[in-house]
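Enquirer: Sequence below, structure please.
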Amino acid sequence: MTSSFDLLIRNATVIDGTGAARFKGDIAISGDRIAGIGDFAEASAAREIDAMGLVAAPGFIDSHTHDDRILLSDGAMTAKVSQGVTTVVAGNCGISLAPMPCAVPKPVTPPLDLLDSRGEWYRYARFADYLTALEDTPAAVNCIPLVGHTTLRAITMDDLGREASDDEIVLMRAHVVEAMEAGAFGVSTGLAYPPAIAATTREVIGICLPLKDYDGLYCTHMRDEGDNTMESLAETFEIGREVGVKVLISHHKLAGVRNHGRSVETLRCIEATMEQQPVCLDCYPYAASSTILTVDHAQNSPRTVVTWSTSMPEHAGRDLEDIMADFGFSLEETITRLLPAGAVYFRMDEADVQRILSFGPTMIGSDGLPHDEKPHPRLWGTFPRVLGHYSRDLGLFSLETAVHKMTGLTASEFGLADRGVLKEGAFADITLFDPDSVKDTATFENPVSLSQGISLVMVNGVVVRDGASGSDARPGRVLRRSLHPAWSSAESNLRRQKNRP
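Expert: Numbers count the residues shown, from 1 in each chain. Next up, the predicted model:
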């Protein structure tokens, strides 16, 4: 009897996301799942795709994004699907759109303005309300949500320049419980940013205690990624141990000339700690970072490029040094006039970037900022850059390893079932690409530019991009974290009571 499927991908070179060697095969898809991988020469389908010369890989999982708002405001997610991304992790660096039970104070406190400088999208009273909105207005990609510590501070405290009181910690902890019950995967912090700098290690531990009940993640933009990186790593590991959960070191990097080469030291430390407690990390494949514009960052960057400015939008895309020359002002005065604003900082060393990328456990995350006027090119180019520049051209690692770092590894670290791998029964999140031509084209001068070599992208069995053409399909789903299967709701409540300081 001849089998019939919804879609057949024929003659593909399959890289299944596990790190295993590639093989030739057909992929049969029924509904939102992979029905089988093998030889389907005798089968038929409503649509058949000849993938001769192409790699079929799991859809890429962007482990670090700030896509919280654009998932709602521009569900096409062109910057991501054009790279082969099918799932994004939102709510990073302590910044999430929810919960926001009252109108966000104006002006919006940086870095919360990275998501929405006007505050119009900070309108979801509970984290559950935000997830419901995502489901009511689905995007082209799946979303893994995190709740942000800085957002919790903003809605709880009257003064962000101090440590939270015990009562405030209890209130923020309650919001964490609500978010985790709604399906959040964990809590993120941005301890390097002014609204969270005053938060002590004790505060963060106290707020994050409920994470253990849900097998949640503690994800952190560490307190320092420069001179005090080792101390920040130690704090990160301490928080993970005290809370009893896995920690994710976000966009691991070494910033500042004095710290170039120190990835040897940090990776040695991270690897040793992984033997003692659960730790994971991600990075982006560029030697420049991007965030809000600050004097401190600019003073320590050989080159700074303004990505957006609310007060002077005409300067987006220009070098800060050129703007200073035009104004005839000091660095401090120039930045004051541009604020609120964002920037790209060229403070990293390429050797460190390559060393961190090559580290076996490193996942790939873009850290792209979709609302910047002139964004860092990582928003549009991260994943093809890893496949093309670093894997194929530089030979930093095999194509199988490159795919694993952006699929199966990430799915495993986040605890995703049936995603990040190509196997029978897995969700049909699939990317087809040409291994000989795949490359990023986004640059610092021209950052909004489609990558080359991505042939087809499918999310939950639905094609969202075919060649250079997008689609009106919005099959993305909110991937909600489930309660630990061994614990009932009553047991979780009891554990939370016991964990309160």
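
Enquirer: Identify the residues contacting the residue nearest the centre of the chain.
Expert: In the chain, the C-alpha nearest the mean C-alpha coordinate belongs to His64, at 1.2 Å (CA atoms, centre = their mean). Neighbouring residues of His64 by CB atoms under 8 Å, 6 or more residues apart in numbering: Val89, Asn92, Ser250, His251, Asp282, Tyr284, Gly365, Ser366, Asp367. (Glycine included, C-beta is placed from N, CA and C.)

Enquirer: change it to 10 Å
Expert: His64 makes contact with 88-90, 92-93, 146, 188, 219, 221, 248, 250-251, 282-284, 363-368, 378, 382, 410 under the criterion CB atoms under 10 Å, 6 or more residues apart in numbering.

Enquirer: again, but for His404
Expert: 15-20, 57-58, 360, 363-364, 397-398, 410, 412, 420-421.

Enquirer: ok, back up a step: am I right that the residue nearest to the centre of the chain sits in a strand?
Expert: No - counting by DSSP: H, G, I helix; E, B strand; the rest coil, His64 is not part of a strand but coil.

Enquirer: Please work out how many residues are found near the residue lying closest to it once chain neighbours are set aside.
Expert: Nearest non-adjacent residue to His64, counting by CB to CB, 6 or more residues apart in numbering: Gly365, 2.8 Å away. Using other CB atoms under 10 Å, Gly365 has 26 other residues around it.

Enquirer: Among the contacts of His64, which lie within strands?
Expert: Val88, Val89, Ala90, Ser188, Cys219, His221, Leu248, Asp282, Cys283, Met363, Ile364 (DSSP state E).

Enquirer: As a markdown table, these with neighbour count and pLDDT would be great.
Expert: Formatted as a markdown table, the ones in strands among the contacts of His64 follow (neighbours: other CB atoms under 10 Å; pLDDT from 0 to 100):
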| residue | neighbour count | pLDDT |
| --- | --- | --- |
| Val88 | 29 | 98 |
| Val89 | 30 | 98 |
| Ala90 | 27 | 98 |
| Ser188 | 28 | 99 |
| Cys219 | 30 | 98 |
| His221 | 26 | 98 |
| Leu248 | 29 | 98 |
| Asp282 | 28 | 98 |
| Cys283 | 26 | 98 |
| Met363 | 24 | 98 |
| Ile364 | 29 | 98 |
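
Enquirer: So for stretch 419-435, what gets flagged as buried?
Expert: 419-422, 426-435 (16 or more other CB atoms under 10 Å).

Enquirer: so of these, which ones are in helices?
Expert: Among these, DSSP state H puts none in helices.

Enquirer: Let me have those in CSV, adding pLDDT and distance to Gln83 as columns.
Expert: Converted to CSV, the buried residues of stretch 419-435 look like this (pLDDT from 0 to 100; distance: CB to CB, whole Å):
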residue, pLDDT, distance to Gln83
Arg419, 98, 17
Gly420, 98, 16
Val421, 98, 19
Leu422, 98, 18
Ala426, 98, 20
Phe427, 98, 19
Ala428, 98, 18
Asp429, 98, 13
Ile430, 98, 14
Thr431, 98, 9
Leu432, 98, 13
Phe433, 98, 10
Asp434, 98, 14
Pro435, 98, 15
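
Enquirer: who's in contact with His251?
Expert: Counting by CB under 10 Å, 6+ apart, the residues that His251 touches are 63-64, 92-93, 221-222, 225, 281-284, 289, 356, 365-367, 378.

Enquirer: Buried residues of the strand ranked longest in the chain, list them for me.
Expert: Longest strand in the chain, counting residues (DSSP E): strand 4-14. Under the neighbour-count criterion of 16+ other CB under 10 Å, strand 4-14 has Phe5, Asp6, Leu7, Leu8, Ile9, Arg10, Ala12, Thr13, Val14 buried.

Enquirer: Is the last one bridged to anything, and to what?
Expert: According to DSSP bridges, the residues that bridge with Val14 are Phe23, Ala56.

Enquirer: and what of the third one?
Expert: The residues listed as beta-bridge partners of Leu7 by DSSP bridges are Ile29, Arg47.

Enquirer: Can you give me the pLDDT of it?
Expert: Listed pLDDT for Leu7 reads 98.

Enquirer: mind checking how far it is from Ala426?
Expert: Between Leu7 and Ala426 the computed distance is 14 Å (CB to CB, to the nearest Å).

Enquirer: do the same with the last one
Expert: To Ala426, Val14 is 12 Å away according to CB to CB.

Enquirer: Mutual contacts of those two, please.
Expert: Ile37.

Enquirer: In the stretch 351-500 of the chain, where is pLDDT below threshold?
Expert: Counting by pLDDT under 70, the stretch 351-500 of the chain has low-confidence residues at 483-500.

Enquirer: now the strands: where do they sit in it?
Expert: Along the stretch 351-500 of the chain, counting by DSSP state E, counting those that start in this stretch, strands occupy 362-364, 430-433, 454-459, 462-466, 469-470.

Enquirer: ok so, going back, can I assume the residue nearest to His64 is in contact with Thr87?
Expert: No - counting by CB atoms under 10 Å, Gly365 stays clear of Thr87, with 11.5 Å between them.

Enquirer: anything in contact with each of those two?
Expert: Contacts common to Gly365 and Thr87, judged by CB under 10 Å, 6+ apart, are Ile61, Asp62, Ser63, Thr65, Thr410.

Enquirer: Now name the helix or strand holding the first one.
Expert: Per DSSP states H and E, Ile61 falls inside strand 60-62.

Enquirer: Follow the chain on from that strand and name the next helix or strand.
Expert: helix 70-73.

Enquirer: one step back: packing partners for the strand holding Ile61?
Expert: helix 78-81, strand 85-90, strand 142-145, strand 362-364, helix 378-385, helix 399-405, helix 408-414 (3 or more CB pairs under 10 Å, 6 or more residues apart in numbering; DSSP states H and E).

Enquirer: How much space separates Ser82 from Asn460?
Expert: Counting by CB to CB - Ser82 and Asn460 are separated by 18 Å.

Enquirer: can you check Pro361 too?
Expert: 28 Å.

Enquirer: Give me the more crowded residue out of the two.
Expert: Asn460 (21 against 15).
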